[in-house]
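Trainee: sequence unknown, structure follows:
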């Protein structure tokens, strides 16, 4: 059963991830039919490259730590508190995650750069320091922690912590010994996702880093698109693979040390209105952080979208419906909205099928506990499979995009001229989010429930449908929301494969930002505002569907 479930994601990743990446790396490191492995040592001995590697690692670590420090209180507030506007606010904090990273960088440049809001009002500029990069990463990844950790936190039975306090444990001790161990897998999953996204950061660094700061992703793009040095780009891609593989191995090992069944309850039984001064202060503090780090940058984008040359109005929005007379677009830019929605919907279906199969396979009963020599080998295979599924988040999107162009251009996989290529690329990024969102909840299901169903004659498939599925429906909805919104904002690979007559919103925004002139910049901000509104509407709808059908807050 487990091997059958693993077959679908394994085939998908082999064809649409492994094959394109191997093809582009092989093209960079092969010359005259011979592998040029000596190039690896030459690249890694370059002091400039080593500096890029070091900056990539430490800024990702710092961004992850800062995001966890600021977002974990938010995860608690959304999980345990009931307050007016909660659903709307949860949708708002997720909007930044779907914005193209070039837009995120532009928003913080307008907020904290030369002539920005902070510069005009307080004389403060952050664009010349690494703080703008770190805060932009928090802005981008805040929702990952809130939704991934908060989703599980809202279903933890608070009576367990209350029982520890009745037995004499203090509030902090009870939380540290009861709640924190239960949340550890979810926190680790959120930290892993944040680290991988900041480790491969491109648009934010490109806009805010300037000539002083560059990540591996930025350097791969420079070596590929500017210097046409495919061997160096291939080596840097292998460095990314090595770093990500090591991280995933540590993550898998740590999860095995903490796996346990949890007592889960419906979310509506755990959320309460804040009581006492301490809880109100915490709520207000979280709202303040959301206002400063999430709402203000979004408002800056909206202000730029409506601020036309003749004052505030709809000038830039009207321009989106006009057929461009330049080479920037062959269709009206507004058509990118419909394209993005259609592509994202298909990508979400693919991500749910592939990611759901993988998550179910990874949470079947642990074969390591059964006697026999083959069980250990299968357990090792499953652990390696778990790590493999996260590789797209730690692989250069530039490499994947070029890989699609190089590998998928001849029969039987001649897909370059088909529309399905874009959803496939988007689904590659969405699948890890589906898996990481569902795994903590699936692993928390008491295995004795499955065993009882088996004793009563249920097949493994029926046991999963009758036992697991009712408990993970909420996680499935969250996973669908993540997959859809990530697909809406995917840019790195899509920019290489989206057809000129069918651009996505992120591609359209990037093309606008690449053109000189106030009109193009304003239209880019207008498209970004539309993307924000579409995302907020979709996420709010998901919140309402989840509440109406499952009674959850």
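Mentor: Cool, the structure landed. What you are looking at is a predicted structure, and each value in this text was computed from that prediction instead of being measured.
Trainee: After the lowest-mean-pLDDT helix or strand in the chain, which helix or strand is next? Please name it.
Mentor: Lowest by mean pLDDT, DSSP states H and E among the helices and strands of the chain is helix 373-388, with a mean of 60. Downstream of helix 373-388, the next assigned helix or strand under DSSP states H and E is helix 397-407.
Trainee: Quickly find the element holding the closest residue to residue 434 other than its chain neighbours.
Mentor: Using C-beta to C-beta, 6 or more residues apart in numbering and skipping the chain neighbours, the partner closest in space to residue 434 is residue 355 (2.9 Å). The C-beta positions use only the backbone N, C-alpha and C, and glycine is treated the same way. Element membership for residue 355 (DSSP H and E) is helix 335-362.
Trainee: cool, and residue 181?
Mentor: helix 180-199.
Trainee: and that helix, how far from the chain's centre?
Mentor: 12 Å (C-alpha atoms, centre = their mean, to the nearest Å).
Trainee: What residues of that helix count as buried?
Mentor: For helix 180-199, a neighbour-count test (16 or more other C-beta atoms under 10 Å) marks 182-199 as buried.
Trainee: and it, what other elements does it pack with?
Mentor: Applying 3 or more C-beta pairs under 8 Å, 6 or more residues apart in numbering; DSSP states H and E, we find helix 180-199 packed against helix 47-80, helix 131-153, helix 230-258, helix 421-444.
Trainee: quick one: the helix holding residue 355 to helix 421-444, angle?
Mentor: In terms of direction (axes from the mean of the first three to the mean of the last three C-alpha atoms, to 10 degrees), helix 335-362 departs from helix 421-444 by 40 degrees.
Trainee: Return the residues in contact with the closest residue to residue 476 other than its chain neighbours.
Mentor: By the measure of C-beta to C-beta, 6+ apart, the closest residue to residue 476 outside its immediate chain neighbours is residue 438, 6.7 Å from it. The contact partners of residue 438, by C-beta atoms under 8 Å, 6 or more residues apart in numbering, come to 355, 356, 359, 472, 475, 476, 479.
Trainee: right, and the last one touches residue 434 too?
Mentor: So the one you mean is residue 479. Yes. The pair residue 479 / residue 434 is scored as a contact, 4.2 Å apart, by C-beta atoms under 8 Å.
Trainee: Please enumerate residues in contact with stretch 209-217?
Mentor: 52-53, 55-56, 59, 127, 130, 133, 199-202, 205, 218, 222, 236, 239-240, 396-398, 492.
Trainee: got the buried residues for that stretch?
Mentor: 209, 213, 214, 215, 216, 217.
Trainee: Dump those residues to JSON lines, plus pLDDT, secondary structure and distance to residue 389.
Mentor: Output for those, formatted as JSON lines (pLDDT from 0 to 100; DSSP: H, G, I helix; E, B strand; the rest coil; distance: C-beta to C-beta, whole Å):
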{"residue": "209", "pLDDT": "74", "secondary structure": "coil", "distance to residue 389": "30"}
{"residue": "213", "pLDDT": "83", "secondary structure": "coil", "distance to residue 389": "30"}
{"residue": "214", "pLDDT": "83", "secondary structure": "coil", "distance to residue 389": "28"}
{"residue": "215", "pLDDT": "85", "secondary structure": "coil", "distance to residue 389": "23"}
{"residue": "216", "pLDDT": "85", "secondary structure": "helix", "distance to residue 389": "21"}
{"residue": "217", "pLDDT": "83", "secondary structure": "helix", "distance to residue 389": "20"}
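Trainee: that older thread, would you mind pulling up the elements that the helix holding residue 355 packs against?
Mentor: With 3+ C-beta pairs under 8 Å, 6+ apart as the test, helix 335-362 has helix 2-13, helix 373-388, helix 421-444, helix 469-489, helix 505-513, helix 518-550 packed against it.
Trainee: repeat that for 6 Å
Mentor: Here helix 335-362 touches helix 2-13, helix 421-444, helix 469-489, helix 505-513, going by 3 or more C-beta pairs under 6 Å, 6 or more residues apart in numbering; DSSP states H and E.
Trainee: Quick check: which of these is nearest to residue 166?
Mentor: Among the helices and strands packed on helix 335-362, helix 421-444 comes nearest to residue 166, with 23.6 Å by C-beta to C-beta.
Trainee: who's in contact with the helix or strand following that closest one?
Mentor: Using DSSP H and E, the helix or strand that follows helix 421-444 towards the C-terminus is helix 447-455. Contacts to helix 447-455, defined as C-beta atoms under 6 Å, 6 or more residues apart in numbering, come from residues 463, 467.
Trainee: Now do helix 447-455 against helix 469-489, angle only.
Mentor: Going by the same axes, to 10 degrees, helix 447-455 makes 120 degrees with helix 469-489.
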